[in-house]
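*Asks:* Dropping a prediction and its sequence here:
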Amino acid sequence: MRLYSLSVLYKGDPKVHLLKAAYDVSTFNFFQRSSVTEFMTFTSQLIAERSALGSRASVKEQEYLCHVYVRNDGLAGVVIADNEYPQRVCFTLLDKVLDEFSRQVSKMDWPSGSPATISYSALDGYLSKYQVRVPGI
């Protein structure tokens, strides 16, 4: 069971844009990591774009399950995990991250923010903390 990506996005009027993200691509070949990261970023944006405000969904994309939660204020979170990772845990993580993000980052910064301009460093810690460690692996 693995988490690969945790993203916070803003679903604005014209389109969705990434505010902050964390990736764990350590299980991929070194030469694949860049394209895997791009795939996860693109997929996260696409799924958030296609989701209605105030909705939660789980979408299968290739061998991954993408869990999305779009709040009514336009703040969205996406977790990309393998098929075995518990859905309930993913949505609990998204609730926690989006609540904390909205308290720490001003709503005024969401429409124009980007990973370079948003100051929120907790995503890597959450991705690591929620990673399920299987003994012997």
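*Replies:* It's in.
*Asks:* Can you list the low-confidence ranges for the protein?
*Replies:* Low-confidence segments of the chain, defined by pLDDT under 70, are located at 133-137.
*Asks:* Please enumerate the strands of it.
*Replies:* All strands of the chain, identified by DSSP state E, fall at 3-11, 16-23, 55-61, 64-70, 75-82.
*Asks:* Between those strands, which one is closest to Thr37.
*Replies:* Across these, Thr37 has its closest neighbour in strand 16-23 (5.2 Å, Cβ to Cβ). In short, each C-beta sits where N, CA and C put it, glycine included.
*Asks:* The closest one vs strand 75-82, what angle?
*Replies:* If you take axes from the mean of the first three to the mean of the last three Cα atoms, to 10 degrees, strand 16-23 sits at 40 degrees to strand 75-82.
*Asks:* Indicate which one of the strands of the chain is closest to Glu38.
*Replies:* Nearest to Glu38 among the strands of the chain is strand 16-23 (10.2 Å), distances taken as Cβ to Cβ.
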